[in-house]
Structure formats: structure tokens, C-alpha cells
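> Quick one: sequence and predicted model below, then my questions.
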Amino acid sequence: MKLESGTKELILLKSGEIALKGLNRGSFEDLMIKNCKRALRGVGEFRFTKAQSTIYAQPVGDCDMEEALDRLSRVFGIAALTRAAVVEKDMEAIRKTAAQYLEEELKAASTFKVAAKRSDKSFPMTSPEICRELGGWLLRQFPHLKVDVENPDVLVVVEVRDFAAYVHGAQLPGAGGIPVGSSGRAMLLLSGGIDSPVAGVMMAKRGLSISAVHFYSPPYTSERALLKVKTLCEKMTRYCGTIPLHIVPFTEISEAIKEHCREDFGTVIMRRFMMRIAQDIALQEECSGLITGESVGQVASQTMASLACTQAGLTLPVLRPVIGMDKEEIIAISRKIDTFETSIQPFDDCCTVFTPRHPKTKPRLEEVLKEEQKLDYEALVQRAIAQTTKERLSPR
């Protein structure tokens, strides 16, 4: 894209689901703008305005527009976005700007199509007339091109709106969903694996602000394993915004379970400790729910019987957004959000270190509670919480 001297450029952000929010739509848009400003820190200053289900991100001074577009593509609530040239509502200006602004793309293409949207009905030409006029002009300027209305190499779009006309190419898909922070806050149980970062980002897409808790068992788990989790958390912040990460020392609990409880119940008892501690911290942080990356049948702790035991006694709801997904589906999302390569680094977490040889796959709650009676359960929980440390991780 190439701008003529004096031509302004901005980013058009199209909201999707937000448009269905009725009287609450304005508050959702305001929150999305707040999240956009957060995402653009360090890129440059932008001024935001709202009109007709579109948010205009106008750069103030020098800004890295490509970097801004990339960051905004990860802001939940945006259905589509594109860089656009701002043009006066005059057909001659529109023709000239379209040929110049999209020159590189048009020269490299074989086919093109013009699409026009006329929101300002006072503009003297209809949308089909704009398409015919601009299409003919571009064919004369780029004789090698042919029109293809079904599958063009380049899409040339003209939007005639209240403030001005806007010329741009095809829109990029946005992150979709609704703005982070519009649905409250939840606590993510973040391991070093593939599933939990995906679960966290999926719930952020539904408007939840994310806090996270990680269980750390030195010397059985290394500093590199902890660094891996922090890296995963940082990658998530590009979608979720700043994430408070609570690091819970879990060595004493793991050793107590191994020493006093039946080995085959070790996994489910460990998970119950994690859920209970996560809930206590979540309540302190004013979270309204817990998030896990559990998927039915994936491992022994994720059978229906095990899931029922691990959440028994909790008061907060447990959100499991990947519960019905297979591993390949989860991996596909992890690649998209750029957590996969970090997740597969070979550093064990406390769950894998203390996994029994033959875990119970169909535990009964009364049997689990009987095993827990061998432990000073409440004291172990409170000591772990008292020794928990907290960091706030933000996008780099």
C-alpha cells in the first residue's frame, strides 16, 4: 500500500457480536477501545471514534501501521479490520486514490473486483455505479487486469460514509468474540502443557479477564519449567491483556500424598488440592469461576468419574472450554495463538513428576475422601497459599 503525500490513513475495525448487544452496545465498544489502546502501547498514539458498527483508529503522528494492524488482530471483539486511505467524497479523488493506494497489489495481480458500500445516501452515485466507474478506471490504468467477481486476486473496496470515503483492500479476519473484561474474571489453572493456555485464551474470547495459578514443586521441577510457564503466560497476554500469575509451592503437598495415600489415588487427590487452592486464591482475587484445560478421556484425571471427584465441594463454577475437543483440535488453536512450541518444551510440571504408575480411572468420592483423611488437609492448603507468590505478566 502506498500513500500519496497529504493522504491520511487509518485502521477500520468492524465489530461483530457486539452489534447484537442492544442498549449495552456502547459500553462494549468503549471497553474494546480501551483494550485496543492497551494493545497499541509502544506503537504510537491513535485517536478512536465510533460510527455505524465501525471503530476508526486514526494515527496521531508517526505510527507503525503494520505492527498496529497485527496487534489489533488479536483484540477480542473485532470481527474484521483493515488499513484504509481516507478520501474526500468525490469520485475523481476516489479513483485516483484507489489506483495509487493499491498500486503494488494491482500490478502483481491478474484479476480484481470492486466492491462499494454507500452509507451516505446523499452521495450522488449508487453502489453499483461506483463499482462500474471505478472498475472501468482501474482497467484503463492497469490494462493487464481482468475482472473476476467470484475469486479475484485483489479486492478493491470503497466505503462512502458520513465523515469521508475510505479506500482499502480485502479485510483481515479479527479475533472475534467480545471484549476482555466484559464478562468478569476467572482463575486459570495453568500448567506447562498444551491445553491450559488454549483454555485461557478461549475464555478471554468470551469476555473474561484472566488470572492464573501455577503449581510448582522444586526440586522435582526446575527453574526452566517455571520459566516456560511464565513464557506461556506472556504469550497469552497478547490476547488476554495483563495476567496476574500466582505461583503456588506444591512440594510439601505432593510428598505428603505420596507418603500417606494409596498410589492409585495420587492423581485425583493432587487435582483436588489444586482445585481447592485455586478456588481460595480466586475468591481473594474476586474471580467468579475457575478455568481448566481438561478434555474428557484424555488422561486418567479427566475421566468423568475423576472430574466429578476433583470438583466435588467447590463453590465456584469450573469452565472447561476444550472439554469436547480432541488433541489435534487443541493443538491447532495452540499453534494459532503461538503457544504450541513453548508448551512442548521437555520440562516436567508437578503433575507429570508425581503421576502414579497405575492411576485410578474410576475413583469413587467416598474412597477419595477416606484417603484424604490420612492428611492434614486444611493445614497443607493454608501453608501453600501463605507461601504463594504473585507476578503480573504483560505483553512484551
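That came in fine, so what should we check first? Numbers count the residues shown, from 1 in each chain.
> Any chance of the backbone angles for Ile55?
Phi and psi for Ile55, reported as degrees, to the nearest 10, are phi -110, psi 130.
> do Cys261 as well
The phi/psi pair for Cys261 (degrees, to the nearest 10) is phi -110, psi 160.
> Quick one: residues contacting it.
By CB atoms under 8 Å, 6 or more residues apart in numbering, Cys261 lies in contact with Ile269, Glu371, Glu372, Lys374, Leu375. In short, each C-beta sits where N, CA and C put it, glycine included.
> just Ala84 next, same as before
Shown in contact with Ala84 (CB under 8 Å, 6+ apart): Glu9, Leu10, Ile11, Leu12, Glu159, Tyr166, Val167, His168.
> what does His246 give?
By CB under 8 Å, 6+ apart, the neighbours of His246 are Ser211, Ala212, Val213, His214, Ile281, Thr388, Thr389, Lys390.
> Reformat those into TSV and put pLDDT, distance to Ala51 and neighbour count next to each item.
Conversion of the contacts of His246 to TSV gives the following (pLDDT from 0 to 100; distance: CB to CB, whole Å; neighbours: other CB atoms under 10 Å):
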residue	pLDDT	distance to Ala51	neighbour count
Ser211	98	35	27
Ala212	98	37	27
Val213	98	42	25
His214	97	43	26
Ile281	98	42	22
Thr388	98	47	19
Thr389	97	46	10
Lys390	97	41	12
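> Tell me which of those residues fall in helices.
Counting by DSSP state H, the contacts of His246 place Ile281 in helices.
> Looking at the contacts of His246, which is nearest Ser182?
Nearest to Ser182 out of the contacts of His246 is Ser211 (CB to CB; 16.1 Å).
> so Glu9 sits in a strand?
Yes - using DSSP: H, G, I helix; E, B strand; the rest coil, the assignment for Glu9 is a strand.
> Pick the one among the contacts of His246 closest to Gly293.
Ala212 (11.5 Å).
> Do I have it right that that closest one meets Leu245?
Yes - Ala212 is within contact range of Leu245, at 4.9 Å (criterion: CB atoms under 8 Å).
> shared neighbours of the two, which are they?
With CB under 8 Å, 6+ apart as the test, Ala212 and Leu245 both reach Leu190, Cys233.
> Spatially, and excluding backbone neighbours, which residue is closest to Lys362.
In space, and not counting its chain neighbours, Lys362 is closest to Ala305: 4.4 Å by CB to CB, 6 or more residues apart in numbering.
> The one you found: neighbour count?
16 (other CB atoms under 10 Å).
> Confirm for me that it is in contact with Glu367.
No - Ala305 lies out of contact with Glu367 (CB under 8 Å); the separation is 10.6 Å.
> If the nearest residue to Glu17 once chain neighbours are set aside is in a bridge, with which residues?
In space, and not counting its chain neighbours, Glu17 is closest to Ile178: 5.7 Å by CB to CB, 6+ apart. As for beta bridges, Ile178 partners with Arg206 under DSSP bridges.
> coming back round to it: mind putting the contacts of Ala84 into TSV with distance to Trp137, pLDDT and neighbour count?
Listed next are those as TSV, based on distance: CB to CB, whole Å; pLDDT from 0 to 100; neighbours: other CB atoms under 10 Å:
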residue	distance to Trp137	pLDDT	neighbour count
Glu9	21	95	18
Leu10	23	96	23
Ile11	26	97	24
Leu12	23	96	19
Glu159	17	96	23
Tyr166	17	96	24
Val167	12	97	26
His168	17	97	23
